[in-house]
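**Student:** I would like the atomic coordinates for the input below:
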Amino acid sequence: MRSRTLAHAVQVVLLLAGVGTAGASTQAPARGAPGTSPSSPAVLRSTRVSYLAGGSVYLDAGQADGLGVGDTVEVTRGQATIARLRVTFVSSRRASCDTLWTRQPLALGDAASFRGDSVRQAAAQDSVRSAAVNGDSIRTAAVLAPPRSRAEIRSARWRGRVGGRWLSVRTEGSNGYAQPGLELRMDGRDALAGHADVAVDIRGRRTVSTSTSGTQTDQFSRVYRASTTFRDHDDRRRLTLGRQTSPTLASISLFDGALLEWGGNRHTLGAFAGTQPDPVRFRLSRELVEGGVFAEWHQAPLAARRWSLATGGVTSRAGHEVNRDFLFGQGWWFSRGGSASLAQEVDVNSGWKRAMGEPPLSWTSTFATVRVPVTAQLALQSGYDNRRNVRLWRDRVTPETEFDDRYRQGTWAGATLELAQHLRGSGEYRSGSGGDRSDTWSVSAELYRITRWQASTHSRFSAFTSPGLQSQLMSLGVGLDPKPQSHMEFNAGTRSTRDVLSGIDETERWQGVDLDLSLGARWYVNGGFELQQGLAGTTRQLQAGISVRL
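**Tutor:** Prediction:
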């Protein structure tokens, strides 16, 4: 709860900029595919989760697959839907999504499905077939817009949403705050005869904090995105100017500057340069200047096996001093026979860092996962994680999410078993690294898609032990869809912690309920209440939001 004020203020920027795993979001699902024009045929397509950063999820699909900004994506594991996403940024082959809600932590390789624009998809396939005949590798990367009437072009060119949110957090006998906010997000495509795209994301907050010393009000707006992309007719060369991020450079923070990309159907080369904005109010700043280059190789369009390899280097300076120089490499591979991913950063230390005793090269931020389906019912997974900054933003903090964040580092192995129709179980063991050796065991079970309301229930037990600390966590959740465009979620849990050295015991309990409702094709409403009880007292959180798609 202590991090929520800042968390809500910087939600999009930090989750796109940070290195980490997916956050558990309490935002709501918008059923269907709101980004698809009613006049465009829609076909169900599938892809995979290729990268996770905070509450942002990256997909191995883009405009060439019929995916557009504002579309809704469902993430499934086995036969159960575990999350819904909304596309916020899309390139020819990649997409970045906000997490609307999750029932389980997402993982690399999770299946994702969406309803893409079949006309645009067919055009892309025709381009690939033509390229195969003519030997033109560049044309396979093109995103071909289907011919439309004047009215359809006017309605489909601009997409976005405007909405308002309200959050209240109160702790008995302590501090609290209320935070209303307004949000505007717009994306424009195919301006300048199809050669320019525009993206704008502005969010305003008014935070009224109360404490024993009085009341304090803080109000300002932040620009999370304001960029224009210029591209040639076949999307081979792209130049983006303004405030932006890049899905390829997922570990690079938000910057004000220029990003140049050149690519074909099997590779992408790029370079960027700019400055980082002020971290509090997001104003233009020259304190940190950064730049870098990167290269990416990937599978041919429409290939059954999907893979990607990327490498590059980044440098940043604070005035005349070194801030950070590092090289990075990342790769992933998905097929029916399994999936694997690896991300590695190597810091190049010079100047004052060498004077402080740092080695010339430091291997940092290693993250690797492997998942192998043994049978149709059994899958094994393993991984390693030593990243130092995993969470930069969350829109919801519970003892369960704090438990996972605190004990995430180390090596793990686990299995998922489909026990019967609508029933799944899983288990995981994690050996902690960094500091004292620790062991974490987790088991969970889920019963899903039962009754005509698509009800589901999931439970979990986790135990952490180390020489100085012992902790146990139990949680239970129940979800149901009383109507086709609605979702309700009830959750509760308890976490107990014992400090072995001091003998101090602490217990936290929480209960919560969330409601998500889509009204027609444009309106979306969500709300939630959460109660936490612990040594710090009783904390109540109430949140509500409403938005309309433009």
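
**Student:** hey, where'd the strands end up in the stretch 351-500 of the chain?
**Tutor:** 361-373, 378-385, 410-420, 423-432, 438-450, 455-465, 469-480, 486-499 (DSSP state E, counting those that start in this stretch).

**Student:** of those, which is nearest Q533?
**Tutor:** Of all those, it is strand 486-499 that lies closest to Q533, at 9.5 Å by C-beta to C-beta. Every C-beta, even on glycine, is put in place using the N, C-alpha and C of the backbone.

**Student:** flag every buried residue along stretch 192-199.
**Tutor:** For stretch 192-199, the neighbour count (16 or more other C-beta atoms under 10 Å) marks 194, 197-199 as buried.

**Student:** C-terminal to the least confident helix or strand in the chain by mean pLDDT, what's the next element?
**Tutor:** Each helix and strand of the chain was given a mean pLDDT (mean pLDDT, DSSP states H and E); the minimum falls on helix 11-17 at a mean of 30. Using DSSP states H and E, the helix or strand that follows helix 11-17 in sequence is strand 42-53.

**Student:** buried residues in stretch 363-375?
**Tutor:** Neighbour counts over stretch 363-375 (16+ other C-beta under 10 Å) mark 364-365, 367-371 as buried.

**Student:** any chance of the residues you listed in JSON lines, plus distance to F272?
**Tutor:** JSON lines is the format used below for the buried residues of stretch 363-375 (distance: C-beta to C-beta, whole Å):
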{"residue": "T364", "distance to F272": "21"}
{"residue": "S365", "distance to F272": "19"}
{"residue": "F367", "distance to F272": "22"}
{"residue": "A368", "distance to F272": "26"}
{"residue": "T369", "distance to F272": "27"}
{"residue": "V370", "distance to F272": "31"}
{"residue": "R371", "distance to F272": "32"}
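
**Student:** which one of those residues sits closest to D187?
**Tutor:** F367 (30.0 Å).

**Student:** hmm, W332 and that closest one touching each other?
**Tutor:** No: the pair F367 / W332 is not scored as a contact, 10.9 Å apart, by C-beta atoms under 8 Å.

**Student:** the helices in the protein, which residues?
**Tutor:** Assigned by DSSP state H, the helices in the chain fall at 4-9, 11-17, 118-134, 150-157, 191-194, 352-355, 399-406.

**Student:** mind telling me which of these the model trusts least?
**Tutor:** Note on those: lowest mean pLDDT is at helix 11-17, with a mean of 30.

**Student:** what stretches of the stretch 151-300 of the chain score poorly on pLDDT?
**Tutor:** The stretch 151-300 of the chain contains residues with pLDDT under 70 at 151-156, 246-253.

**Student:** mind listing the strands for it?
**Tutor:** Secondary structure of the stretch 151-300 of the chain (DSSP E, counting those that start in this stretch): strands located at 158-171, 176-190, 196-211, 214-231, 237-244, 255-263, 267-275, 288-298.

**Student:** helices and strands around the third one, which ones?
**Tutor:** When you say that, I think you mean strand 196-211. Where contact means 3 or more C-beta pairs under 8 Å, 6 or more residues apart in numbering; DSSP states H and E, strand 196-211 is packed against helix 4-9, helix 11-17, strand 176-190, strand 214-231.

**Student:** just want the angle from the last one to strand 255-263.
**Tutor:** For strand 214-231 against strand 255-263, the angle between stretch directions is 30 degrees (axes from the mean of the first three to the mean of the last three C-alpha atoms, to 10 degrees).

**Student:** reformat the strands of the stretch 351-500 of the chain as JSON lines; add mean pLDDT and distance to Y224.
**Tutor:** Shown next, in JSON lines, are the strands of the stretch 351-500 of the chain (pLDDT from 0 to 100; distance: least, C-beta to C-beta, whole Å):
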{"stretch": "strand 361-373", "mean pLDDT": "90", "distance to Y224": "24"}
{"stretch": "strand 378-385", "mean pLDDT": "92", "distance to Y224": "27"}
{"stretch": "strand 410-420", "mean pLDDT": "90", "distance to Y224": "33"}
{"stretch": "strand 423-432", "mean pLDDT": "92", "distance to Y224": "34"}
{"stretch": "strand 438-450", "mean pLDDT": "90", "distance to Y224": "35"}
{"stretch": "strand 455-465", "mean pLDDT": "93", "distance to Y224": "33"}
{"stretch": "strand 469-480", "mean pLDDT": "93", "distance to Y224": "30"}
{"stretch": "strand 486-499", "mean pLDDT": "92", "distance to Y224": "26"}
